[in-house]
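[1] Okay, predicted coordinates and the sequence, questions at the end:
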Amino acid sequence: VDLSVSWLGLAMANPLYNASGVMCRSVAELEQVRTSAAGAVITKSCTPQPRVGNPEPRYCATPLGSINSMGLPNAGYHYYRDYARSYPYAAGKPLFLSLSGMTLDENLDMLRDLAAAELPCLPEVNLSCPNLPGKPQLGYDFQACREALTQIARVYPGDFGVKLPPYFDPVHFAQMAEVLNTFPTLRFVTCINSIGNGLVIDVEHESVVIKPKDGLGGLGGSYVLPTALANVREFYRLLPGKHVVGCGGINSGREAFMHILAGATVVQIGTCLYEEGEGAFARILDELRQLMAQKGYQCLDDFRGKLKTL
Ligand SMILES: C=Cc1c(C(=O)O)[nH]c(=O)[nH]c1=O
């Protein structure tokens, strides 16, 4: 069974890597991912300056997934750019740099610098952070996205991608796809970011479980799998020639298979990686291999995007 993926001029031994935000804030964490069975690495979304993030507790796992309101804690753009400068690209694991400026200008400043650095890493521009008090998720404002992407494509000549929030309405899929299809150098979309502003309640203590925003936070894990799959399949149909990166609810080879069947080129794991550690990569890859062997598939192209309808 062959799990290799060739996309965007990159060759990956397998389709699995971390979701931005998990095991990727420090060089030590990034090296844990890079030296694991993962096929690629992505950095924590960054801002020009370092950020401490929201007050703790700001993450909580539940039997069905997780809730987080981290508040974009990160070591600052130059820390991740310097990691990208020394990154061993020849070892064969691509590096993605997640950018999440607090304003469009912050994103443009980081992208201008990244363009000038002429590094092999690829930017994933985050349009969907749900946990910045007072800041709406840009991905839900289609006109603002069009304006932002116009300027982004102007300052950054290379291929780039965007991290999208989940959409819940066919009209919104169509409206966002129309914006995204305007930009030929926008080569991939990562679906989905956490489902924003959920509320988890602890019955024993009659309390919320995270401090920021009186308990509101982004949901991940099994909670979001059907929504993630819907976003992957809809954008796979609506964005011809672009790639979809699947993210959301992958706990085993079965969910990785589902995401790829729905059209994902590669897939990211977040909550499961946070809870299990980097061993999750080898486990999930083994489960995916076994599932493919049982079904008689030799490679990912044998089933990618071939979800049947009734
Ligand atoms: C970049 C901030 C994000 C955060 C965060 O740092 O709070 N959490 C998420 O679930 N998604 C994000 O995009």
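    Looks like it came in fine. Numbers count the residues shown, from 1 in each chain.

[2] Over to the residue lying closest to Tyr140 once chain neighbours are set aside: give its phi and psi.
    Leaving aside its chain neighbours, Tyr140 sits nearest to Pro165 (6.3 Å; criterion: CB to CB, 6 or more residues apart in numbering). (Glycine included, C-beta is placed from N, CA and C.) Dihedral angles of Pro165 (phi, psi; degrees, to the nearest 10) stand at phi -80, psi 160.

[3] and Pro165, how far is that from Cys129?
    9 Å (CB to CB, to the nearest Å).

[4] Over to Gln175?
    Distance from Gln175 to Cys129, by CB to CB: 20 Å.

[5] List the contacts of the residue nearest to Tyr140.
    Leu127, Ser128, Pro130, Gln137, Gly139, Tyr140, Ile192, Asn193, Gly196 (CB atoms under 8 Å, 6 or more residues apart in numbering).

[6] remind me, longest helix of this structure?
    helix 279-295 (DSSP state H).

[7] Output it as CSV, restricted to C-alpha atoms.
    The C-alpha trace of helix 279-295 is given here as CSV (Å, rounded to 0.1, in the frame of the first residue of the first chain):
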residue,chain,number,x,y,z
GLY,A,279,2.5,8.4,18.3
ALA,A,280,-0.9,9.2,16.9
PHE,A,281,0.7,9.7,13.4
ALA,A,282,2.1,6.2,13.1
ARG,A,283,-1.1,4.6,14.6
ILE,A,284,-3.4,6.4,12.2
LEU,A,285,-1.2,5.7,9.2
ASP,A,286,-1.1,2.0,10.1
GLU,A,287,-4.9,1.9,10.4
LEU,A,288,-5.3,3.7,7.1
ARG,A,289,-2.9,1.2,5.4
GLN,A,290,-4.9,-1.7,6.9
LEU,A,291,-8.2,-0.2,5.8
MET,A,292,-6.9,0.3,2.2
ALA,A,293,-5.5,-3.2,2.1
GLN,A,294,-8.9,-4.7,3.2
LYS,A,295,-10.6,-2.7,0.4
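
[8] May I have the secondary structure class of the residue sitting furthest away from the middle of the chain?
    Distance from the C-alpha centroid of the chain peaks at Glu204, with 33.6 Å (CA atoms, centre = their mean). What DSSP: H, G, I helix; E, B strand; the rest coil gives for Glu204 is coil.

[9] Can you pull the phi/psi pair for it?
    Glu204 has phi and psi values of phi -60, psi -50 when expressed as degrees, to the nearest 10.

[10] OK, contacts around Ser20?
    Ile42, Thr43, Lys44, Ser45, Phe96, Ser98, Glu124, Asn126, Lys163, Thr190, Gln268.

[11] okay, the closest residue to the fourth one other than its chain neighbours: pLDDT?
    Which is Ser45. Leaving aside its sequence neighbours, Ser45 sits nearest to Ser100 (CB to CB, 6+ apart; 3.5 Å). Among the per-residue scores, Ser100 shows a pLDDT of 97.

[12] How about residues contacting the longest helix of the chain?
    1, 3, 14, 16, 36-38, 250-254, 256-257, 269, 272-273, 276, 298, 302-303.

[13] re the thing from before, so which of the contacts of Pro165 also contact the ligand?
    Near the ligand, judged by CB under 6 Å from any ligand atom, the entries from these are Ser128, Asn193.

[14] Specify which member of the contacts of Pro165 is nearest to Asp169.
    The nearest member of those to Asp169, counting by CB to CB, is Tyr140 at 10.9 Å.

[15] which parts of the stretch 101-250 of the chain sit against the ligand?
    Taking CB under 6 Å from any ligand atom as the contact definition, the stretch 101-250 of the chain meets the ligand at Asn126, Ser128, Cys129, Asn131, Asn193, Ser194, Gly218.

[16] ranges for the helices of the stretch 51-200 of the chain?
    77-86, 104-117, 142-155, 170-180 (DSSP state H, counting those that start in this stretch).

[17] the inter-axis angle of the shortest one versus helix 104-117?
    If I follow you right, that is helix 77-86. Angle, helix 77-86 to helix 104-117, by axes from the mean of the first three to the mean of the last three CA atoms, to 10 degrees: 20 degrees.

[18] Kindly report the same for the last one.
    Orientation check (the same axes, to 10 degrees): helix 170-180 against helix 104-117 gives 50 degrees.

[19] just how off-centre is helix 170-180 within its chain?
    Computed by CA atoms, centre = their mean, to the nearest Å, the chain-centroid distance of helix 170-180 equals 19 Å.

[20] which regions of the stretch 151-300 of the chain sit below the pLDDT cut-off?
    Within the stretch 151-300 of the chain, no stretch falls below the threshold (pLDDT under 70).
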